[in-house]
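S.K.: Just need the structure, nothing else, for what follows:
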Amino acid sequence: MAILIKTIDKHILIEFDKGKFDEWCIYLTKNQSRRYVPLDTEYFGRLKEFAEVYSTHKIFSVFLMFYHATDNQLNDDIFKLIDILSAQYDEYEAEIKVWFTIIYAGMIAGENKANAILKKELSDWVCIRF
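M.R.: All right, here's what the predicted structure looks like:
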């Protein structure tokens with residue numbers, strides 16, 4: 001059964017649900033279209049594009065603000081922080097919110113997966129690709 005992580009702008013849903021290996025798969029549904037699993041290449045690719053506009057330092061600094069506070073539970077304070085920080089990105093606010101929420105959820109999933117070796121540290125490695 002799906003667990004709602006966050007609804008953004010009343011039409012974008014981010015959820016945990018059963019995937020191929022465990023219950024920690026992240027799904028994205030936009031505008032009532034088909035639910036899918038966003039790939040690392042999709043969201044990190046977009047963040048890399050945003051880094052070219054807003055600077056790598058700015059994007060990575062925002063990531064670090066919620067990375068350090070992440071543990072194995074969803075936290076409303078971190079969602080609020082992501083919302084506040086995303087407001088800096090003008091017309092891209094909703095999209096930035098989506099990708100940072102998915103990255104946050106991915107770290108939580110990593111912390112909860114029984115056999116995960118890297119836990120949330122995987123996000124460190126992927127972000128270095130910026």
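
S.K.: Every contact and neighbour count from this point should use C-alpha atoms.
M.R.: Will do.

S.K.: I'd like to know which elements the helix or strand harbouring residue 41 is packed against.
M.R.: Here residue 41, judged by DSSP states H and E, is contained in helix 40-54. Judged by 3 or more C-alpha pairs under 8 Å, 6 or more residues apart in numbering; DSSP states H and E, the packing partners of helix 40-54 are helix 56-67, helix 93-112.

S.K.: got the angle for the last one vs helix 56-67?
M.R.: Computed by axes from the mean of the first three to the mean of the last three C-alpha atoms, to 10 degrees, the angle separating helix 93-112 from helix 56-67 equals 50 degrees.

S.K.: so what's residue 10 up against?
M.R.: For residue 10, no residue counts as a contact, taking C-alpha atoms under 8 Å, 6 or more residues apart in numbering as the criterion.

S.K.: hang on, the earlier thing: for residue 13, find the nearest of the helices and strands packed on helix 40-54.
M.R.: helix 93-112 (8.9 Å; C-alpha to C-alpha).

S.K.: Pull out the CA atoms of the closest one and give them to me as CSV.
M.R.: The C-alpha coordinates for helix 93-112 follow below in CSV (Å, rounded to 0.1, in the frame of the first residue of the first chain):
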residue,chain,number,x,y,z
GLU,A,93,9.9,26.5,-7.4
ALA,A,94,7.5,23.6,-7.8
GLU,A,95,10.0,21.5,-9.9
ILE,A,96,12.9,22.2,-7.5
LYS,A,97,10.5,21.1,-4.6
VAL,A,98,9.7,17.9,-6.4
TRP,A,99,13.3,16.9,-7.1
PHE,A,100,14.6,17.8,-3.6
THR,A,101,11.7,16.0,-2.0
ILE,A,102,12.5,12.9,-4.1
ILE,A,103,16.2,13.1,-3.1
TYR,A,104,15.2,13.5,0.5
ALA,A,105,12.9,10.5,0.2
GLY,A,106,15.7,8.5,-1.4
MET,A,107,17.9,9.2,1.6
ILE,A,108,15.2,8.0,3.9
ALA,A,109,14.7,4.9,1.8
GLY,A,110,18.4,4.2,1.9
GLU,A,111,18.4,4.5,5.7
ASN,A,112,15.5,2.0,6.0
